[in-house]
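K.L.:
Let me see the structure of the following:
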Amino acid sequence: MNNLSKIIILVLFSTTIFAQGVCDIATGVEKGRFTFDGPSTVCIGQSIKLKDNSGGTGVRYIFGYTGQPASQLSSINSQTNLDYPFLAAGQYTVLQYGKKNGKDMYYCDVVYVRENNKPDISYEACDNTRLTLTIRNSPINNFDLYRIKWSDGSTDDVPIGTVLPYSVKKTFASSSTQNILVEGLYTIPNNCPAPQPITVKMDRGDMFPRIETVELNEDGKQATIGLTGNPDADYFLSSRSIDQNGVIPSNTMPKVKIGSIKVAIPDPQKSQCFSVGRIGQGGCFEFSNEICTIPFTLTPINDKYQLTWQKIATGKIQNTTVFTFINQVNTQIIRDENGLNKTTFNNVSNSYIDNTANCNKKYCYTLLSKVTVSYAGYTGTDYIEIATVSQKQCIDRKEIHPPAIMDGLVTVNPANHVQLTFKDHSTWNLDRTLYRLYRIEDLHQKKIDSSTTTKPFLDTKVDASEKSYCYKISFVDKCGSESDLSPAFCTIFLNENSLKNLEWTNNTPFGNTAIKELEVLSYNEQTNATTIETTKKASETIFVPVLDKFEEEAKFQVKTISIDGEESFSNINIIPITVKLFLPDAFTPNNDNINDDLLVKGRAIRRIREFKIQIYNRWGSPVFYSNDINLLWDGTFQNFPAPSDIYTYKIYAKINDGKEVNKTGKFLLLR
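P.N.:
The predicted model follows:
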């Protein structure tokens, strides 16, 4: 950094400081006062002298106050002396503080310390013959007069009172360089050393525009360009994607100054190239070097991380004839852990795998390329170094989701619990440490189980005879990355609808695998063997059962078959058979072995848990009683044959579901 740049930075810095701290307190304090006993501008080593006009007590001075609060003033080096020698060039704030009228008292003013009599200037040189030199309108330039000594021996004095900026044009015989001394002079101080002459390269000069840095922000959608050059010049900024051809691309910004320039990036995935230029006062074209951004992609490769980006090649920048040739590229990768533990990898190629990464940690990566370039078409072989900085990309394995498990099914076991069986065919290469089972409840996934193996999950907390249940599964690898959730695996829920038909849900137990067909099964009441009642298409969900063959209860189940031949079973739906009891209208107990006994018959008799039957003659007297449904009446009463007549009966039965059956009727006894 040259001396002029240092002074400008000090000026900006101290101006900012002046507006802070106790210098800025407007109420509740008294205002002090001091004046300068001599100039407020001195050279290095000369003393600033003050006069105390405050009227305060306990007055002290800080020469070089930097904005500390009042509570810290006692810990800062201060003095009662009214003079102070400054040993470094810059702009300084002098703070006076003490007490006045029982209140705190403060007063601030600024002094300037010069390194030498060097004024703030700018210049343009071109064509090896023409030079325009400007004494700038700058806070540094408060000299009484200025003197320019040209390399041809001539001198130009800028008179006292000249309004700045002031420009002088000079034409020389063709020459590659000119040595020029520009000196600022004033009466006090009068012993500052003269500055050194400057050497101007007449083809472009040191104030030729130059992009020194290009830095992407974290999302890569904006670049900050650090531009140096002539502080008085207006440049146009050009931008292009590196895959676009062009000598001088379209202007992105028609008027920019040196300093930091923020530019939007059209496509954060592509390298974007920038250059600046203008037509100078002498009519010469000025174009900066061209420099391109280096966006990169960050990809997990197993348990490591790969960074890839478009290589910055040496030689002429791709697809353009802007005056830039790349001589050398040194790219670094800077890795940190939440801003700490920074690690730098030097001289990396454009496809780099970080083999030192611990995949259980969160890392952030940035690329820094130091590019050495030269201008083509100009005299000399001077090189400049440019820094181009990528976006910052962070990677946390907990935010990376491997491909989901797709192969699985759910089925209902005899206890109406749900079993999920799966096979891990995910293409993810890292070892698994855990498998997780989620139950879907109210459109949310609730984690209900985990396992270190691929053994089936069993959900014993649900009753699959009440409704359909849906599940998803995932795995966690050794780096802590949890896979995407699988598709939903849902049980088939079988039930009777309002029309007493069997109906089942039409979701799938096989995730994304299609259903080939469904079989409606019935169970034999004695052997529990199954029979296929019917085969249905995947789109069909209703079956009308025939219950005639069942005595006590009819058990049905739906078996779902996938196109891969996998099988899943629904809950078992039990339909109780309605109890019906019958007595014949007549019987003939005449020992001919035909209809000799009165026997209660019916359907679903095995469902009866309690039974009573009473038979009465025509006068209402009981002639037979039994609580055994299988007990026969042989037509006798008190060991004598009952007479032929019409008899009445009453039957009471209690069913296994708690319901009761009452039946009365008449029959004829014939002999």
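K.L.:
Name the residues linked to the residue nearest to residue 284 when sequence neighbours are not counted by a beta bridge.
P.N.:
Computed as Cβ to Cβ, 6 or more residues apart in numbering, the closest residue to residue 284 that is not its neighbour in sequence is residue 126, at 2.9 Å. C-beta here means a position set from N, CA and C on the backbone, and glycine is covered the same way. Under the criterion DSSP bridges, residue 126 forms beta bridges with residue 130.
K.L.:
Residue 126: neighbour count?
P.N.:
The number of residues packed near residue 126 is 20, by other Cβ atoms under 10 Å.
K.L.:
I figured it was touching residue 280, is that so?
P.N.:
Yes - assessed by Cβ atoms under 8 Å, residue 126 is found in contact with residue 280 at 6.1 Å.
K.L.:
Now the common contact residues for the two.
P.N.:
Both residue 126 and residue 280 are in contact with residue 286, where contact means Cβ atoms under 8 Å, 6 or more residues apart in numbering.
K.L.:
can you pull out the strands in the stretch 251-400 of the chain?
P.N.:
Under the criterion DSSP state E, counting those that start in this stretch, the stretch 251-400 of the chain carries strands at the ranges 251-256, 259-264, 272-279, 285-287, 291-292, 296-301, 304-309, 315-316, 325-337, 340-345, 351-354, 363-374, 383-389, 393-395.
K.L.:
which one of the ones you listed lies closest to residue 523?
P.N.:
Residue 523 lies closest to strand 296-301 among these, at 52.2 Å (Cβ to Cβ).
K.L.:
Please give the element, helix or strand, for residue 146.
P.N.:
Using DSSP states H and E, residue 146 falls within strand 145-149.
K.L.:
Distance from that strand to the middle of the chain?
P.N.:
For strand 145-149, the separation from the chain centroid amounts to 60 Å (computed by Cα atoms, centre = their mean, to the nearest Å).
K.L.:
Can you name every helix or strand that it contacts?
P.N.:
strand 155-158, strand 177-185 (3 or more Cβ pairs under 8 Å, 6 or more residues apart in numbering; DSSP states H and E).
K.L.:
Mind putting the ones you listed into CSV with distance to residue 410 and mean neighbour count?
P.N.:
Shown next, in CSV, are those (distance: least, Cβ to Cβ, whole Å; neighbours: other Cβ atoms under 10 Å):
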stretch, distance to residue 410, mean neighbour count
strand 155-158, 92, 13
strand 177-185, 85, 18
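K.L.:
Which one of these lies nearest to residue 334?
P.N.:
strand 177-185 (39.5 Å).
K.L.:
What lies in contact with that closest one?
P.N.:
117-119, 121, 125, 131, 133, 135, 141, 143-151, 172, 194-202.
K.L.:
Run the angle between it and strand 145-149 for me.
P.N.:
160 degrees (axes from the mean of the first three to the mean of the last three Cα atoms, to 10 degrees).
K.L.:
sorry, back to before: among the strands of the stretch 251-400 of the chain, which is the most enclosed?
P.N.:
Among those, strand 291-292 has the highest mean neighbour count (mean count of other Cβ atoms under 10 Å), at a mean of 26.
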